[in-house]
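Trainee: quick one, structure for this:
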Amino acid sequence: MLAGTLREVADARARDGAVGGRYRPRHTASVSRREPIEALAATLENENQPVTAVGMLRVLDLITSGTGPLWGTSQQALEDALETTLTLLATHSSVREQHRQAA
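Mentor: Model prediction:
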């Protein structure tokens, strides 16, 4: 569900008015950050790599915070938030993989 929401945000067509009774805010920063948003969605959907709870909470906050970087106009703030979120999601899977290889 979170990946689907991120894909909607990344889809420029979703920005044109209300669709299906939903309000679509004008989030200008995400216009130029479509690829990292898509990468975040793909990371969430990848069943072969588990993600951390803290990373999932970060994604949830990114999506639900109406005053956050995903819905704002600061490209740098959004870029920083996406980078941090991807790092938080991947950390656990990297550690788990290292433990498997060591065993």
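
Trainee: looks to me like Leu44 is in a strand.
Mentor: No: counting by DSSP: H, G, I helix; E, B strand; the rest coil, Leu44 is not found in a strand; it is helix.

Trainee: ok, for it, nearest residue in space, not its chain neighbours?
Mentor: Ala3 (4.1 Å; Cβ to Cβ, 6 or more residues apart in numbering). (Each C-beta comes from the backbone N, C-alpha and C, glycine too.)

Trainee: so that neighbour is in which element?
Mentor: Using DSSP states H and E, Ala3 sits within helix 2-10.

Trainee: mean confidence score for that helix?
Mentor: For helix 2-10, mean pLDDT is 88.

Trainee: can you list contacts of that helix?
Mentor: By Cβ atoms under 8 Å, 6 or more residues apart in numbering, the surrounding residues in contact with helix 2-10 are 14, 27, 30, 34, 37-38, 40-42, 44-45, 56, 59-60, 63, 70.

Trainee: mind checking how far it is from the chain centre?
Mentor: Averaging C-alpha positions (Cα atoms, centre = their mean, to the nearest Å) puts helix 2-10 8 Å from its chain's average.

Trainee: quick one: buried residues of stretch 34-44?
Mentor: Of all the residues in stretch 34-44, those buried under the rule 16 or more other Cβ atoms under 10 Å are Pro36, Ile37, Glu38, Leu40, Ala41, Thr43, Leu44.

Trainee: now these in TSV, with secondary structure and distance to Leu86?
Mentor: Listed next are the buried residues of stretch 34-44 as TSV, based on DSSP: H, G, I helix; E, B strand; the rest coil; distance: Cβ to Cβ, whole Å:
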residue	secondary structure	distance to Leu86
Pro36	helix	8
Ile37	helix	10
Glu38	helix	12
Leu40	helix	6
Ala41	helix	11
Thr43	helix	6
Leu44	helix	10
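
Trainee: can you put those in TSV and add distance to Val9?
Mentor: Shown next, in TSV, are those (distance: Cβ to Cβ, whole Å):
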residue	distance to Val9
Pro36	11
Ile37	6
Glu38	10
Leu40	10
Ala41	9
Thr43	15
Leu44	13
